[in-house]
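Participant: With the input below, show me the fold.
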Amino acid sequence: MKQIISKAPGRICLFGDHQDYIELPVIACAINKMMTIEAEENGKDHFEIFMPDLNQKRILPLKEDFNTLERGDFLKVALKVLQKRKIHATRGYRLSIKSKIPINAGLSSSSALTISWIRFLIAAFSEKSFTPKEIALLAYETEVIEQGSSGGKMDQFTIAMGQTIFLDTHNDEVEFFNDLGLNLVVGVSGLSKDTFGTLSHLKGNAWKAIDQVKAQIPNFDIALSQVSDLKENMQWVETHLKPYFYAAVCNHDITQRASKAFKENANPQIIGELMNEHHYILKSYLKITPPLMDKMIDSANESGALGSKIVGSGGGGCIVAITKENNKEQIIEAIKASGAKDAFAVDIAMGANIKTY
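Facilitator: Got it, this is the predicted structure:
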């Protein structure tokens, strides 16, 4: 009986939140909280999928009807995406899916599930090998293109490739920042979030603002826009859209400065200051942090964190703080005391991997 273990890490966006869907770069890292699929052939004509973390069980037939696909059903959508590549499920498996990544918390548990599932399907039913970049693009097709979603490519590329990456979302080029040695602490708010709704709202307003500038300046390129040009360009943007345009330009500038800092010596103090600057834009202009998460961030910084920010689409989920090695536990306790559901240290991790027996 063929056994397969497929694992994929969670991810943290360090810089560039709400930038990838307007084709601006991001800096993100994979973390050592894993989504794990353990699979064994069952001799049947379907997948038996057990999800003990959610107390759920699902039967997924090998011959599926793809005419009706529910939003967020990435397991079924991935089967459709792979069938386009002539990869067909021909044998049933019994699968156990377990997650050390908090669910719906901004650490990209959904993309970790999609990538670990896609890697399992390829290992089980294809002789062809796929690069991490190809896996990322398959997951992006599954989660965004097929679903008509507003997300970008950050989650899929970070999880598939691992480590800390600078992703140019315009041309899918990736640069790795290895051996950074950052001390990271995650705080889990316990607040649920509406990822699809939040992304759709923010993406729509960002593009409307950009298009208004393009209407007056035909050769305008948001990727080349400078903070020094804001006053001139903002005159063409409607008042209610100005915060989204301002955030896009300023966060892009912060990401570029962070990239330079990573390349030079990755001084944690500088990275932390840039993280605080980035979070201020997310909080004050995009307004995606509820009061509890503001309290968590303030508690982390007041307890000696070098910098803190919200992670993910916003409205709930997690925060991340950069700490010193000697005050990590102090900051974990401060975040918990602020009302967080949980807090823990994480390490930067390798990308998705698979073992076959």
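
Participant: All the helices of this protein, residue numbers only.
Facilitator: With DSSP state H, the ranges of helices along the chain come out as 74-83, 109-125, 132-140, 154-161, 195-216, 230-234, 242-264, 268-284, 291-302, 328-337.

Participant: Single out the most deeply packed of those helices.
Facilitator: Mean neighbours per residue, mean count of other C-beta atoms under 10 Å, is largest over these for helix 154-161, with a mean of 29. C-betas here are computed from N, CA, C, even on glycine.

Participant: how far out from the middle of the chain is it?
Facilitator: When distances are taken as C-alpha atoms, centre = their mean, to the nearest Å, helix 154-161 is centred 7 Å away from the chain's centroid.

Participant: returning to that earlier point: what's the least confident stretch among the helices of the chain?
Facilitator: Sorting these by mean pLDDT places helix 195-216 lowest, at a mean of 89.

Participant: now for that helix, which elements pack on it?
Facilitator: Judged by 3 or more C-beta pairs under 8 Å, 6 or more residues apart in numbering; DSSP states H and E, the packing partners of helix 195-216 are helix 242-264.

Participant: contacting residues around residue 119?
Facilitator: Contacts of residue 119 were listed using C-beta atoms under 8 Å, 6 or more residues apart in numbering, and they are 6, 8, 135, 352, 354.

Participant: again, 7 Å this time
Facilitator: 6, 135, 352, 354 (C-beta atoms under 7 Å, 6 or more residues apart in numbering).

Participant: Let's have the residues you listed in TSV, adding distance to residue 258.
Facilitator: Compiled in TSV, the contacts of residue 119 are given as follows (distance: C-beta to C-beta, whole Å):
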residue	distance to residue 258
6	32
135	26
352	25
354	32
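
Participant: for those residues, which one is nearest residue 29?
Facilitator: Distance ranking of these against residue 29, using C-beta to C-beta, places residue 352 first at 13.9 Å.

Participant: how much space between that closest one and residue 98?
Facilitator: 15 Å (C-beta to C-beta, to the nearest Å).

Participant: In terms of neighbours, single out the busier of those two.
Facilitator: residue 352 (27 against 15; other C-beta atoms under 10 Å).

Participant: Please name the spatially closest residue to that one (chain neighbours excluded).
Facilitator: residue 8 (4.0 Å; C-beta to C-beta, 6 or more residues apart in numbering).

Participant: In this structure that neighbour contacts residue 159, no?
Facilitator: Yes - Residue 8 lies in contact with residue 159 (C-beta atoms under 7 Å); the separation is 5.3 Å.
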